[in-house]
Structures are given as C-alpha cells and as structure tokens.
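> sequence? don't have it. structure:
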C-alpha cells in the first residue's frame, strides 16, 4: 500500500502521506513522526 501512496505523491494526486519505514528517496522529504513498540500477542 505504501508504494501506491508514494506513486500518488510523485504524480501530485496527494500532498502528504504517512507510512511506516518509507524508503529513502531524493525526490521526497522524510520526517520521523515518532516510534512505536510492536509485540505479538496470543
């Protein structure tokens, strides 16, 4: 899903996306919004 959102950002159909672990790119500015701790629960 984040690849689709990055494609839409590149074509100017959206102005901002928030995705986990976005790949670094010279085309876009990336600003960390925070961190989360993930855990498996049964």
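Thanks, I have it. Fair warning: this is a prediction, and the values are worked out from it, not measured in the lab.
> so the most centrally placed residue in the chain is in which element?
Central residue of the chain (Cα atoms, centre = their mean): residue 19, 2.7 Å from the mean position. For residue 19, there is no enclosing helix or strand under DSSP states H and E.
> and for residue 4?
Using DSSP H and E, residue 4 sits within helix 2-10.
> check residue 16 too.
For residue 16, there is no enclosing helix or strand under DSSP H and E.
> on that earlier part again, so the residue nearest to the centre of the chain makes contact with residue 5?
Yes: in this structure residue 19 lies within contact range of residue 5 using Cβ atoms under 8 Å: 6.1 Å. Quick note: C-beta positions are derived from backbone N, CA and C, even for glycine.
> which stretches of this protein have low pLDDT?
Counting by pLDDT under 70, the chain contains low-confidence ranges at 1, 22.
> show me the contacts for residue 9.
Taking Cβ atoms under 8 Å, 6 or more residues apart in numbering as the criterion, residue 9 is in contact with 15, 16, 17, 28.
> alright, calling it a day.
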